[in-house]
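sequence unknown, structure follows:
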């Protein structure tokens, strides 16, 4: 019989459930997360972020569920639960199934590694299925075979011991906001390459054949720009957009603040300035190493007129999953069955740090079989998840279980 338990951690609890049908059958562990990104800015939501509504969109003619977490990752996790329900109800569950749903993925899963190490026997399985990724389009299925890692950092630049009158002191006393902007700007050159010494030392280089294969995935640059309402793309020179968003590392400012930002004017020379910076990493790069070289570089380029500090938040390692394994072949066969097309293996640009953690601690590979779209506004106002995608996932998951069990028998 199915059973479930809530395990407390030092942070948010982990929800675990299992249905062990037969010890002779393979075991699939389904991983997902119930935590979400903050809903801010609230004023940009067209409907309340935590009150799901269904609306039609350009990419979802059959309707989409609008709510924070609808795609990342509550909707995709619930899709697995409904598929499991259907298999059990029809007495067609072909394998043992375990569920692990955590509440800290969006902050780097700080307690998940501890839980996994303490509960290796509980979590023992043959494969881990994660649906926290996307497909290329509703008529172009894909399976994610790679993810970027992450180093997330907050920096602070401090000038005078208090905010000052910009007329009395401006022109002589250092302005931390100006200096922070200069420091950030200096970390990329005009070709979009990151200038931090040693940043690219460990970056894995793909062969011309591998790059050619990647770029065979359908991509319309004009449609991409039109959808985002941008005049042009701006990435590292010498790489396509597909490559820039998957196999190349990045450095981006996620937030920057300081001084007076209230209504009206206040002629202040601020005492402090802050920024949150994320670096997406690619295979062979290590998040701790990148965090350290960033810290050393940031402190080195700071002018003597200010004091700086660097506070690491969280990180995770890049991961590549092979496409010649039973789990990948089962996922590809399942998508072929339900979409009527062979899925394309793609490298994802996002980060799911626990993929590398699972391989290290549980010694098990993951298959990344998501059903969202990149245009679903995950992490943004008006996040949504298409009904087509939701139901297609429920339809596909049982085939994956079936084919995987057959391949492992």
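Noted; the coordinates are in hand. Just so it is clear, the structure is predicted and the values come from calculations on it, not from any experiment.

where does the stretch 301-409 of the chain dip in pLDDT?
The model of the stretch 301-409 of the chain has no residue with pLDDT under 70.

Let me fix that, I meant to ask about the chain.
Counting by pLDDT under 70, the chain shows low-confidence ranges at 1.

mind giving me the domain split of it?
According to automatic domain parsing, the chain is divided into the following domains: 3-147+318-408, 149-215+247-316.

So which of these is the most surrounded?
Here the criterion is mean neighbour count by mean count of other Cβ atoms under 10 Å, and of these the winner is domain 3-147+318-408, at a mean of 19. Every C-beta, even on glycine, is put in place using the N, C-alpha and C of the backbone.

which phi and psi does residue 318 have?
The main-chain torsion angles of residue 318 are listed as degrees, to the nearest 10 and equal phi -70, psi 160.

what residues are up against it?
Taking Cβ atoms under 8 Å, 6 or more residues apart in numbering, we find residue 318 in contact with 146, 147, 148, 149, 281, 282, 283, 284, 285, 351, 356.

biggest helix in this protein by residues?
Across the chain, the longest stretch assigned as helix under DSSP state H is helix 387-408.

coming back round to it: now, the most widely separated pair of the contacts of residue 318?
Considering Cβ to Cβ, no two members of the contacts of residue 318 lie farther apart than 284 and 351, which are separated by 15.2 Å.

For the domains of the chain, give me JSON lines that also has distance to residue 223.
Conversion of the domains of the chain to JSON lines gives the following (distance: least, Cβ to Cβ, whole Å):
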{"stretch": "domain 3-147+318-408", "distance to residue 223": "10"}
{"stretch": "domain 149-215+247-316", "distance to residue 223": "16"}
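
returning to that earlier point: if you count contacts, what does the longest helix of the chain end up packed against?
With contacts taken as 3 or more Cβ pairs under 8 Å, 6 or more residues apart in numbering; DSSP states H and E, helix 387-408 sits against strand 64-66, helix 74-89, strand 127-130, helix 326-339.

What helix or strand is the residue of the chain most remote from its centre located in?
Note on the chain: the largest C-alpha distance from the chain mean falls to residue 168, namely 46.4 Å (Cα atoms, centre = their mean). Under the criterion of DSSP states H and E, residue 168 resides in helix 166-169.

any idea which helix or strand comes after that helix?
Moving toward the C-terminus from helix 166-169, the next element (DSSP H and E) is helix 176-185.

which residues in this structure form helices?
Listed in chain order, the helices of the chain (DSSP H) span residues 74-89, 112-118, 166-169, 176-185, 208-214, 221-228, 241-244, 287-301, 326-339, 354-361, 387-408.

by contact count, what packs against the fourth one?
I take that to be helix 176-185. Applying 3+ Cβ pairs under 8 Å, 6+ apart, one finds that helix 176-185 contacts strand 149-158, strand 252-258, strand 272-281.

Hey, what's the angle from that helix to strand 149-158? Just curious.
Put simply, helix 176-185 runs at 150 degrees to strand 149-158, going by axes from the mean of the first three to the mean of the last three Cα atoms, to 10 degrees.

Equivalent analysis for the last one, please.
Put simply, helix 387-408 runs at 130 degrees to strand 149-158, going by the same axes, to 10 degrees.

so how far is helix 387-408 off the chain centroid?
22 Å (Cα atoms, centre = their mean, to the nearest Å).

now do the second one
Taking the mean of its C-alpha atoms, helix 112-118 sits 21 Å from the chain's own mean (Cα atoms, centre = their mean).

What of the fifth one?
Relative to the mean C-alpha coordinate of its chain, helix 208-214 is positioned 24 Å out (Cα atoms, centre = their mean).

cool, the first one as well?
Taking Cα atoms, centre = their mean, one finds helix 74-89 lying 22 Å from the centre of the chain it belongs to.

Contacts for it, please.
With Cβ under 8 Å, 6+ apart as the test, helix 74-89 has contacts from 2, 19, 30, 32-34, 36, 65, 69, 93-94, 97, 99, 101, 129, 131-132, 370-372, 385, 390, 393-395, 397-398, 401.

ok, the residue lying closest to residue 120 once chain neighbours are set aside - contacts?
Distance criterion Cβ to Cβ, 6 or more residues apart in numbering; nearest residue to residue 120, sequence neighbours excluded, is residue 362 at 6.4 Å. Listed by Cβ under 8 Å, 6+ apart, the contact partners of residue 362 are 116, 120, 123, 124, 125, 128.

Would you confirm that residue 144 contacts residue 347?
Yes: proximity of residue 144 to residue 347 meets the contact threshold set by Cβ atoms under 8 Å, at 7.4 Å.

isn't residue 274 right up against residue 155?
Yes: with contacts counted by Cβ under 8 Å, residue 274 reaches residue 155, the gap being 6.9 Å.

joint contacts of those two?
Contact with both residue 274 and residue 155 is made by residues residue 180, according to Cβ under 8 Å, 6+ apart.
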